[in-house]
Each structure stands twice: as C-alpha cells, then as structure tokens.
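>>> A structural model of the following input is requested.
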Amino acid sequence: MEEERWAGAKGGRRYVPPGRKSAAPLLDFPPVRNGIDYLASVVEHLDENGAVGPRDLKYAVLHLQAAAEVLLKARLLREHWSLVFKDPGTATKKDFESAAFDSCGIMAAVGRLRDIAGIAFDKKETDALDALAKDRNALQHYGLTHSAQAVEARAGRVLDFLVRFLEAELLPLLSEPEHEAAARDMIPVMEGVKNISSYVKRRLDRLRGELKGLESRTIRCPDCEQVTLVVAPGGGDCRFCGEAWPHSVLLAADYLNDPFPEALARPCPQCDANVLVHGVAFADSPDVDLLYCFSCTARYTAQDLVSCAGCNRPWPIEADVEGTASTLCSDCREQAEP
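Presented below is the predicted three-dimensional model:
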C-alpha cells in the first residue's frame, strides 16, 4: 500500500505536510524499498568475499529481522492498514497516519497473512523466522553467545524466504514505477547473495524439487554459475538468480570451462538455425558434452550426427534403403536427385 502515507512518504515521494512551506531533506523509504534496503545491508555483512566476523553477524541478524518485519507488514498493508496494529480492534486511521501505535510482531504477521490473505508458509520457514526473532531479542537486550555457523545458517534460510516472498507476494502488487524502483534496489541484493554460502545451500535445496523432471533442460547459468538455468526454445531463465537469457546471449556466454565463440555454432538439423553448439553439459548428463540447439532445444550426442558429404553441416545418422549410413542432409539429397 505505497499510496498510504507511511513514515513520512506518500506515493514513493517525499511528502510535505500541509502548511509547511519548504521541506528539509527527509528519509524516503516506503515499506517495500525500506525492506529491500535492509536486505542490501544483510548481504553486505554476510558477503564471504570479505571476512565475516561476529560484528557482521550481529548486524546481519538485526537488519534481517527488520527486513522481515517491514516486508511482512508491507504485505499486510495490502490487505488492510488496520492489520499491522498489535490489536486491530483498536486501530484508528489517525493513529495509523501518525504512526502512533504498537504494531504486531513477526509471528502475528505470519498468522494474519496465512489466515486472512491465504498465503502459505512452510513450517521450516516459520521456525527460522521465530528463531531469528529470538536471536535478535537476545542480541538487542541481553547479548548473544551462539554458534556463528548456526546463526548464519538461520539467516540464510530467512534470506531465501524473504527473497521468494518479495518475488511472489510483493513485487507483483506494486505499480509500474514502484516495481521498477524496487527491481533496481534488488540488483545489489541478488548480486550479494551469490557470496553467501548458507543462502546458496538453502536456495539450491529448495530448487532441487522445483527442477525435478527438468534435468534434461537444465544447464549452468553464466551469471550465478549454478546449474539452475532451464533452457527453452529461444533462450532460458535461471531459477536461482532470476536472470532471463535470450539464445543470442547464451550462445556466446562463458558458462563452460572455456568460452566458445559464436563462429563455432553450426546449423541445427532440426530447425536450420545456426545455433547448434558442441560442449553443453546438462544436469542429467553432467559428464557428457552434448550438441545443443539454442533455438529449438534439440539435443544430440556426437555419435548421433555425421557431417553431410555435400555441405558439411551436422546431420543425424540415418539408414537408407541399402542399409548404409546416409551422409547427405535433406537439402543436398534433394539437389542430388535426378
């Protein structure tokens, strides 16, 4: 509900109260972008390209908790503004607009989203949110002595959940300008999560079920380098990082051990497009370098094809009426016929 006045923002722009002649610089963080900003801080603190120390984990936990609260309540606002009150029965519009109220906690927000908005939550996700809230309270009020690996693992589960929650439950509800702004804000988040091992492990574990049955169409993504890019006619999309790839870009992408130039592409026997490439490894056959057409998705092993004796293009081995292997493609065979 970005249209509602919230923390001094209206419609995603700075808001000047009636009667004020000029505005001093104001914090300009509507709920969704505010939550994404917290996520950006989390990935900065957990980035394993640098040394992740106790202080990094501390602020990662605090900011991840803040992100969870903000994003869950942002979704509640889409249902009704009164649902963010600790006691919706006492909610008034005046208190809401002045932010003069006690808001609900994370688990109450989860319960309301499940019972009122019909959003499904996995028990492991709610358990991780609950554990994160306890870690945050311990850090904030008592100090926390805990296994850094355990804290990071829980943070990874919550981070995975919040990214998915954003993609499924919040971004589609935004207006076009808001969506574009949020998408820009998510770029450093999605870049940063690649360097967080707990996040990567959690997300890959979840994607394993989603990718089941798609192994024959799944290759390594040139961007995040995970074997989670599902190809389709004309390109593909990565289920891990969300990047969409047209075949013209995938064709020249360096997702193999060595880059393969576009000049190595050959005409496809099935669709004739000049995008058949040798050396593509799929999830169902990681140790086999296949010939793959990035246009129509045809797959061949090296034993499936021979070079046409007429034009040298790859062509499937076929037995002719005499039982010998055909070495002419259909075009050359047609030209050779009297």
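>>> what about this protein, any weak spots by pLDDT?
1-29, 141-150, 251-264, 318-326, 338 (pLDDT under 70).
>>> Where do the helices of it begin and end?
In the chain, the helices defined using DSSP state H lie at 31-46, 54-79, 93-98, 106-115, 123-137, 148-165, 176-192, 197-210, 247-252, 330-336.
>>> Out of these, indicate the one that is most buried.
Per-stretch averages of neighbours, counted by mean count of other C-beta atoms under 10 Å, single out helix 31-46 among those, with a mean of 23. Where you see a C-beta, it was placed from the backbone N, CA and C, and this is true even at glycine.
>>> same for it, what does it pack against?
helix 54-79, helix 148-165, helix 176-192 (3 or more C-beta pairs under 8 Å, 6 or more residues apart in numbering; DSSP states H and E).
>>> quick one: that helix to chain centroid distance?
Computed by C-alpha atoms, centre = their mean, to the nearest Å, the chain-centroid distance of helix 31-46 equals 15 Å.
>>> what angle sits between it and helix 54-79?
160 degrees (axes from the mean of the first three to the mean of the last three C-alpha atoms, to 10 degrees).
>>> Kindly calculate the angle that helix 31-46 makes with helix 148-165.
Computed by the same axes, to 10 degrees, the angle between helix 31-46 and helix 148-165 is 150 degrees.
>>> Can you check which of the helices of the chain gets nearest to residue 307?
helix 330-336 (11.1 Å; C-beta to C-beta).
>>> neighbouring contacts of that closest one?
Identification of contacts with helix 330-336 by C-beta atoms under 8 Å, 6 or more residues apart in numbering yields 308-311, 326, 328.
>>> circling back to that earlier point, wait, which of the helices of the chain is closest to residue 272?
Using C-beta to C-beta, these put helix 330-336 closest to residue 272, at 9.0 Å.
>>> Could you give the separation of the closest one from the chain centroid?
On C-alpha atoms, centre = their mean, the centre of helix 330-336 falls 47 Å from that of its chain.
>>> cool, stretch 156-175 as well?
Using C-alpha atoms, centre = their mean, the mean C-alpha position of stretch 156-175 is found 9 Å from that of the whole chain.
>>> quick one: contacts of that stretch?
2, 32, 35-36, 39, 42-43, 46, 64, 67-68, 71-72, 74-75, 78, 119, 124-125, 128-129, 132, 179, 182-183, 186, 189-190, 193, 196-203, 206, 242.
>>> Swap in 7 Å and give it another go.
Under the criterion C-beta atoms under 7 Å, 6 or more residues apart in numbering, residues 2, 32, 39, 42, 64, 67-68, 71, 74-75, 78, 119, 124-125, 128-129, 132, 179, 182, 193, 196, 198-199, 201-203, 206 lie in contact with stretch 156-175.
>>> partners of the biggest strand by length in the chain, with directions?
Longest strand of the chain, by residue count under DSSP state E: strand 285-293. According to DSSP bridges, strand 285-293 forms sheet pairs with strand 276-282 (antiparallel), strand 299-300 (antiparallel).
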